[in-house]
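Visitor: Got a predicted model here, sequence first, then my questions.
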Amino acid sequence: GKTMDEFLADALAEKLDEIERIERLISMAKDRRNASLREIDRRRVSLGEKLRGSVQEIEDAEFKVIGTTPAKRTEAA
């Protein structure tokens, strides 16, 4: 004398604790993932700033032009 909806409701009630536990685990995994992504972004910004500073130092450096000398030719036998 039960409908299909009543069977489903009973099954859900029996498994509710397990479903809630899985949802908590999913939520904790998402939090860890988001924290990792934030840390990656933070480090990427820091590395980018360091690289830009190094490039600027190289661009601002004084360079000395070195003259070229022609290579000596050797005669083949």
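Guide: Looks like it came in fine.
Visitor: the helices in the protein, which residues?
Guide: Listed in chain order, the helices found in the chain under DSSP state H are 4-60.
Visitor: Centroid-nearest residue for it?
Guide: residue 40 (5.1 Å; C-alpha atoms, centre = their mean).
Visitor: On the pLDDT front, check that residue for me.
Guide: In this model, residue 40 is scored at 93, pLDDT.
Visitor: for residue 68, phi and psi?
Guide: Here is the backbone geometry of residue 68 (degrees, to the nearest 10): phi -100, psi 150.
Visitor: Ok, residue 2 next?
Guide: phi -100, psi 150.
Visitor: And it, how far from residue 11?
Guide: Using C-beta to C-beta, to the nearest Å, residue 2 is found at 11 Å from residue 11. Every residue, glycine included, has its C-beta placed from N, CA and C.
Visitor: and if you look at residue 57?
Guide: For residue 57, the distance to residue 11 equals 68 Å [C-beta to C-beta].
Visitor: what mean pLDDT does stretch 2-14 have?
Guide: The average pLDDT within stretch 2-14 is 93.
Visitor: got it, and stretch 47-55?
Guide: For stretch 47-55, the mean pLDDT works out to 89.
Visitor: Any idea how far it is from the middle of the chain?
Guide: Distance, stretch centre to chain centre, for stretch 47-55: 19 Å (C-alpha atoms, centre = their mean, to the nearest Å).
Visitor: and if you look at stretch 8-17?
Guide: Relative to its chain's centre, stretch 8-17 lies at 39 Å (C-alpha atoms, centre = their mean).
Visitor: who touches it?
Guide: By C-beta atoms under 8 Å, 6 or more residues apart in numbering, the list of residues contacting stretch 8-17 from outside reads residue 19.
Visitor: at 7 Å instead, please
Guide: Contacts to stretch 8-17, defined as C-beta atoms under 7 Å, 6 or more residues apart in numbering, come from no residue at all.
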